[in-house]
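1. Kindly generate the corresponding structure for this input.
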Amino acid sequence: MDPATLKSIPLFASLSDAERARIALYLDELEIPQGKRLTREGELAYEFFVILDGHAEVLKNGERIAELGPDDFFGEIGLLESERRTATVVSGSPMRIALMFGPDFRRFERELPEVAEKVRGAIRERVSRG
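-> Numbers count the residues shown, from 1 in each chain. Below is the predicted model of the structure:
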């Protein structure tokens, strides 16, 4: 993934250019068609997503509870706090996303613990705001 793209994403904004370059090595950029299920409530969590373009619908028990758009992220609860997805997320439009798989996230944490803690702090801050 191009590290310059990460500079405009609030989750990564506090990182230095060198730190963004390092985390970019662990992220894949993907194009997603409308209507694609990205996560399923109750399933094991393997990925963390950041929306670059487009929007997604969040469903809990089959009911829409939120809409996510550019710069929003999801999948972090499954990777950081529990092994199971807490909601289903479906692309509501064509999307461009940044994706990090669980093993890459854990390797990133081991290799760059200070940077990983900054990212974890940003995630915790966003989760606490609800």
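
2. Could you use CA atoms for every contact and neighbour count after this?
-> Will do.

3. Show me the strands in the chain, by range?
-> According to DSSP state E, the chain carries its strands in the segments 28-32, 37-39, 47-53, 56-60, 63-68, 73-74, 88-91, 95-101.

4. What residues sit buried inside the fourth one?
-> When burial is assessed from 16 or more other C-alpha atoms under 10 Å, strand 56-60 yields the following buried residues: 56-59.

5. cool, and the second one?
-> Within strand 37-39, the residues that qualify as buried by neighbour count (16+ other C-alpha under 10 Å) are residue 39.

6. what's the answer for the first one, then?
-> Neighbour-count burial for strand 28-32, counted by 16+ other C-alpha under 10 Å, picks out 29, 32.

7. lowest confidence element among the helices and strands of this structure?
-> helix 76-80 (a mean of 70; mean pLDDT, DSSP states H and E).

8. related to what we said a few turns ago, let me have the buried residues of strand 56-60 in TSV, extended by distance to residue 24.
-> Rendered in TSV, the data for the buried residues of strand 56-60 read as follows (distance: C-alpha to C-alpha, whole Å):
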residue	distance to residue 24
56	23
57	26
58	26
59	29
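
9. ok, of the residues you listed, which one's closest to residue 124?
-> residue 58 (19.0 Å; C-alpha to C-alpha).

10. tell me the pLDDT at the residue nearest to the spatial centre of the chain?
-> Centroid-nearest residue in the chain: residue 49, 2.6 Å away (criterion: C-alpha atoms, centre = their mean). pLDDT, the model's per-residue confidence, is 94 for residue 49.

11. How about residue 126?
-> Turning to residue 126, the model gives it a pLDDT of 68.

12. what do you get for residue 108?
-> 83.

13. Residue 83 now?
-> Confidence per residue is given as pLDDT, and for residue 83 that number is 78.

14. burial measure for it, as a count.
-> As a burial measure, the neighbour count of residue 83 was computed by other C-alpha atoms under 10 Å and equals 14.

15. ok, back up a step: check whether the residue nearest to the centre of the chain really touches residue 96, as I assumed.
-> No. Look at residue 49 against residue 96 with C-alpha atoms under 8 Å: they stay out of range, at 10.2 Å.
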